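Colleague: What shape does this take:
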Amino acid sequence: METSYISKKKIGKGEEIQGQDIRDGIFNLLRMDFPGFSKDHYISLIELNKYRRLYLTSLISQEKGELAIIDLDVMDAIKNNSILSENIQDEIESELTIGEKVADKVALFGGSWTFIMVFFSFILLWMMINVWLLTNSFDPFPFILLNLILSCLAAIQAPIIMMSQNRQEQKDRLRGEHDYKINLKAELEIKLLSEKIDHLLVNQNKKLLEIQDIQTDYLEDLITEMKRKR
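Modeller: So this is what the prediction gives:
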């Protein structure tokens, strides 16, 4: 069993990574923390994955310059190997004030067929009462009081609906940022997975070549033995 140059602990079989098998960028990053690390030394696969994540972070920093807060969240998730996917709806709803909740309810009711039917039923009932049912109507034609009530209702309803629309825009922005973080993390994780597959293929090819060499030696020994018997 090989010993890790970083942790100085024994590495499990199949988990050892030699310095010569590490990509140059990651190898140089390792040398920055451990100057004595060379191509002949070994580290574990877990330690290699850690420095792969750090290397990806440095690449993104070089490409995009100063990272935004949203990008830093993704980088922290990659370093800590944590999950970004979460239900942000509950978090958004928990931060609403009473006024914002009322605005959402009013906008939801005001944009429904129920409101339209109730509204027109109220207008028709008002007109019927003042035209046919009452001798001395409190709002005779042309229904000035009704017009005043409708104007006040429109004046109040419009800003309430705008408040709800602003809330919806904020929700959409938060969802967009959340989706961006998930997509960015998925892209980086795919790159890490590609690195792991490349490493496995290299090791597998080395083992196949070693097996072929052993088989060749074995065949040469058999041929030599057969020639001696002749």
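Colleague: and I144, how far is that from N130?
Modeller: Remark: distance between I144 and N130 (Cβ to Cβ, to the nearest Å) = 11 Å. No exception for glycine: its C-beta is placed from N, CA and C like everyone else's.
Colleague: More neighbours: these two, which one.
Modeller: Higher neighbour count among I144 and N130: N130, with 18 against 10, using other Cβ atoms under 10 Å.
Colleague: So, low pLDDT: which residues of this protein?
Modeller: Residue ranges of the chain with pLDDT under 70: 57, 59-95, 195-196, 198-215, 217-218, 220-222, 224-225, 228-230.
Colleague: Helices of that one, start to end?
Modeller: 24-33, 45-64, 69-80, 88-94, 98-110, 113-128, 144-229 (DSSP state H).
Colleague: So which residue is smack in the middle of the chain?
Modeller: I182 (1.4 Å; Cα atoms, centre = their mean).
Colleague: how many other residues sit next to the closest residue to Y5 other than its chain neighbours?
Modeller: Once flanking residues are discounted, Y5 sits nearest to H41: 4.1 Å by Cβ to Cβ, 6 or more residues apart in numbering. Using other Cβ under 10 Å, H41 is surrounded by 18 other residues.
Colleague: residues contacting H41?
Modeller: By Cβ atoms under 8 Å, 6 or more residues apart in numbering, H41 lies in contact with 5, 18-19.
Colleague: Now it, what are its backbone angles?
Modeller: phi -80, psi 170 (degrees, to the nearest 10).
Colleague: hang on, G19 packs against F27?
Modeller: Yes: G19 is in contact with F27 according to Cβ atoms under 8 Å; the separation is 6.4 Å.
Colleague: Find the residues that touch each one of those two.
Modeller: 37, 39.
Colleague: returning to that earlier point: please convert the buried members of the contacts of H41 into ChimeraX selection syntax.
Modeller: Entered in ChimeraX, the line below selects the buried ones among the contacts of H41, by 16 or more other Cβ atoms under 10 Å:
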select :5,19
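Colleague: Of the contacts of H41, which belong to strands?
Modeller: Q18 (DSSP state E).
Colleague: Among the contacts of H41, which one lies nearest to K50?
Modeller: Y5 (13.6 Å; Cβ to Cβ).
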